[in-house]
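In: below are the sequence and a predicted model; questions follow.
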Amino acid sequence: MLTRLQVEGFKNLDRIDVRLGPFTCVAGPNGVGKSNLFDAISFLAALADKPLVEAASTVRGGDSRRGDVWSLFRRAGDHVTDTMRLAAEFLIPEEGEDELGQVAKASMTFLQYELELRYRQDSAVRTMGALEIVRERMVHINRSKAKSRLGFPHKKAWRDSVVKGRRTSPYISTENEGDEEPVVSLHADSVAGLGGGRPRRVPAANLPRTMLSSVNNAAEHRTLVLARQEMAGWTQLQLEPSALRAPDGFTAPRSMGPSGAHLAATLYDLAQAAQRDHPGGERDVYARVANRLSELVENVRGIAVDVDDKRQLLSIVMTDLQNTEHVASALSDGTLRFLALTVMESDPRSRRLLCLEEPENGMHPLRISAVIELLGELAVDVEEPVDAENPLRQVIINTHSPSVVGCVHDDALLVAHAGRGSESAASRLSIRHLPHTWRDQADADEPTVTRGDLLAYLNPLQTIDDGGDAPRGGARRVMHRADLRQPGLPLAPSDAGPAR
């Protein structure tokens with residue numbers, strides 16, 4: 001769970017310091033750059049798992065080629081900054097396994113990671129690629145400071161279930177000795193050694209990947225193994241109807257991909273796991289998913305996975321109230337997206353951070369409130385301890401829709417707009433919270449959203465009425481019809497006559 005993100009020098013993000021709760025909505029007009037916040041999170045996730053050059057190629061606008069990597073750095077006119085800094089505070093699971101099945105138990109579960117990268121100007125004559133590490137650091141956050149560092153309201157029982165352990169030394173550190181190049185140190189973190197032992201030291205400029213991404217042995221670096229898995233699991237969902245409709249083979253992965261691929265296999269695996277746990281478990285899983293989906297979509301009686309033994313395929317089937325079966329290929333895009341989110345909600349294995357851009361796309365306006373409610377319920381309940389029924393899951397969405405802004409809780413909303421940087425009047429993203437919410441206490445010096453900015457979202461028709469050009473030919477806008485006069489809907493005086 002990502003609780004704080006700081007970004008400098010990445011795309012149009014500069015001096016960004018955002019605190020995040022279990023559910024967060026970032027609202028802003030198209031083109032303002034709010035997607036770059038998601039790109040920064042995706043970049044951190046890739047840097048925790050891949051070489052620097054490969055990680056850069058996974059980001060929108062980045063590639064392994066020199067010129068495209070350059071585009072990830074902040075630009076101001078003809079000037080491009082050559083350094084960027086990414087920092088994150090986050091929670092990790094207390095236990096897990098490394099790639100070889102060795103058990104890893106974290107010495108501390110609340111961590112702070114910091115990474116500074118530089119564009120290598122002489123990359124054409126060096127073999128290490130266009131990026132180099134200037135500084136890398138991973139430290140723990142003490143339990144005594146956890147309440148204030150988390151910021152958002154929560155129960156002590158929840159905090160005690162997620163903030164555990166004890167540590168006195170860093171996990172990764174960087175030192176500069178005089179005029180020498182910085183050296184990154186990887187400190188031991190074994191159960192027996194309790195963090196002692198000689199650290200592994202490597203000159204930062206020689207590292208082709210982050211020190212964190214090189215860790216894979218739980219016996220030596222138990223906490224970093226879990227931290228790496230947590231960060232690499234930060235997922236940007238881009239649910240594609242074609243992937244959601246596709247049947248799965250019997251050997252397909254049993255977890256849903258970022259595109260929604262393997263929806264059928266995931267649901268089938270959940271049902272089979274429940275059946276092994278208790279008789280009737282399979283039926284209960286399908287009934288629970290169908291009941292949840294029926295709250296979001298009309299005409300739903302049942303959901304099941306068809307098992308085709310001959311072709312060895314698994315396919316989603318929905319039964320309507322008339323007992324007519326519909327295969328996934330016949331379902332609407334919106335229904336499939338709702339189903340995917342419903343399956344995620346039912347899957348206790350679906351943990352960590354989920355980012356979703358403009359979830360209202362493809363949804364009927366009357367269903368937007370329901371999908372926002374579902375996304376909120378996907379996130380961990382901080383009123384209860386974390387367990388199998390309340391996994392440590394976080395959801396961040398972005399939107400430009402006033403309908404979404406009006407639906408989210410006020411303490412979950414952040415508003416993005418293009419500010420001005422210090423160089424060449426270049427635009428940079430500014431993110432503000434609402435006054436009188438929990439972020440006011442955590443970030444007392446940060447500016448808040450103005451009433452005018454918020455009203456522009458909540459009453460866009462008034463904005464159009466105040467500043468929009470009149471339709472040509474004396475035509476009348478729908479919002480000016482007298483028979484649609486409602487509180488909150490603007491009505492021009494000249495249109496007060498009877499509707500035609």
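Out: Looks like it arrived, so ask away.

In: how close does residue 321 get to residue 294?
Out: Using Cβ to Cβ, to the nearest Å, one gets 9 Å for the distance from residue 321 to residue 294. For every residue, glycine as well, the C-beta is placed using N, CA and C.

In: for residue 93, same thing?
Out: Remark: distance between residue 93 and residue 294 (Cβ to Cβ) = 33 Å.

In: neighbour-wise, which of the two wins?
Out: Neighbour count, other Cβ atoms under 10 Å: between residue 93 and residue 294, residue 93 has more, with 21 against 16.

In: in the stretch 251-400 of the chain, which spans are strands?
Out: Taking DSSP state E, counting those that start in this stretch as the test, the strands found in the stretch 251-400 of the chain are 302-308, 313-319, 325-327, 352-357, 393-399.

In: before we move on, what SS does residue 101 have?
Out: Here residue 101 is coil, with the state taken from DSSP: H, G, I helix; E, B strand; the rest coil.

In: and the pLDDT at it?
Out: pLDDT for residue 101: 92.

In: next: residue 198.
Out: The per-residue pLDDT reported for residue 198 equals 84.

In: please report phi then psi for the nearest residue to it once chain neighbours are set aside.
Out: Nearest-residue entry for residue 198: residue 188, 7.6 Å, with adjacent residues in sequence omitted and distances by Cβ to Cβ, 6 or more residues apart in numbering. In terms of degrees, to the nearest 10, the main-chain angles of residue 188 are phi -70, psi 150.

In: and residue 188, how far from residue 165?
Out: When distances are taken as Cβ to Cβ, residue 188 and residue 165 turn out to be 16 Å apart.

In: got it, and residue 228?
Out: Taking Cβ to Cβ as the measure, residue 228 falls 17 Å from residue 165.

In: likewise residue 39?
Out: Taking Cβ to Cβ, one finds residue 39 at 31 Å from residue 165.

In: neighbour count: residue 228 and residue 165, which is higher?
Out: The residue with more neighbours, out of residue 228 and residue 165, is residue 228; 22 against 15, by other Cβ under 10 Å.

In: and the more buried one, what helix or strand is that in?
Out: helix 222-232 (DSSP states H and E).

In: anything in contact with each of residue 321 and residue 294?
Out: Residues touching both residue 321 and residue 294 (Cβ atoms under 8 Å, 6 or more residues apart in numbering): 300-301.

In: you'd agree the residue nearest to residue 198 is up against residue 199?
Out: Yes. Using Cβ atoms under 8 Å, residue 188 and residue 199 qualify as a contacting pair, with a distance of 6.9 Å.

In: against residue 339, how distant is residue 273?
Out: To residue 339, residue 273 is 19 Å away according to Cβ to Cβ.

In: to clarify, my last question referred to residue 165.
Out: Distance from residue 165 to residue 339, counting by Cβ to Cβ: 38 Å.

In: same thing with residue 282?
Out: Residue 282 sits 17 Å away from residue 339 when distances are taken as Cβ to Cβ.

In: bridged to the residue lying closest to residue 381 once chain neighbours are set aside, which residues?
Out: Of all residues beyond its chain neighbours, the one nearest residue 381 is residue 390 (5.3 Å), with distances taken as Cβ to Cβ, 6+ apart. Here residue 390 sits in beta bridges with residue 387, going by DSSP bridges.

In: any idea how far residue 390 lies from residue 158?
Out: From residue 390 across to residue 158, the span is 9 Å (Cβ to Cβ).

In: helix, strand or coil for residue 445?
Out: Applying three-state DSSP to residue 445 yields a three-state assignment of coil.

In: and the gap between it and residue 17?
Out: When Cβ to Cβ is applied, the distance between residue 445 and residue 17 equals 10 Å.

In: for the two, indicate the residue with more neighbours.
Out: The residue with more neighbours, out of residue 445 and residue 17 and counting by other Cβ under 10 Å, is residue 17; that gives 13 against 4.

In: strand partners of the helix or strand containing that one, parallel vs antiparallel please.
Out: With elements delineated by DSSP H and E, residue 17 resides in strand 16-19, which encompasses its position. When sheet partners are counted by DSSP bridges, strand 16-19 sits next to strand 2-8 (antiparallel).

In: quick one, what contacts residue 372?
Out: Taking Cβ under 8 Å, 6+ apart, we find residue 372 in contact with 25, 359, 404, 407-408.

In: find residues that contact each of residue 390 and residue 158.
Out: Joint contacts of residue 390 and residue 158 (Cβ under 8 Å, 6+ apart) are 380-381, 384.
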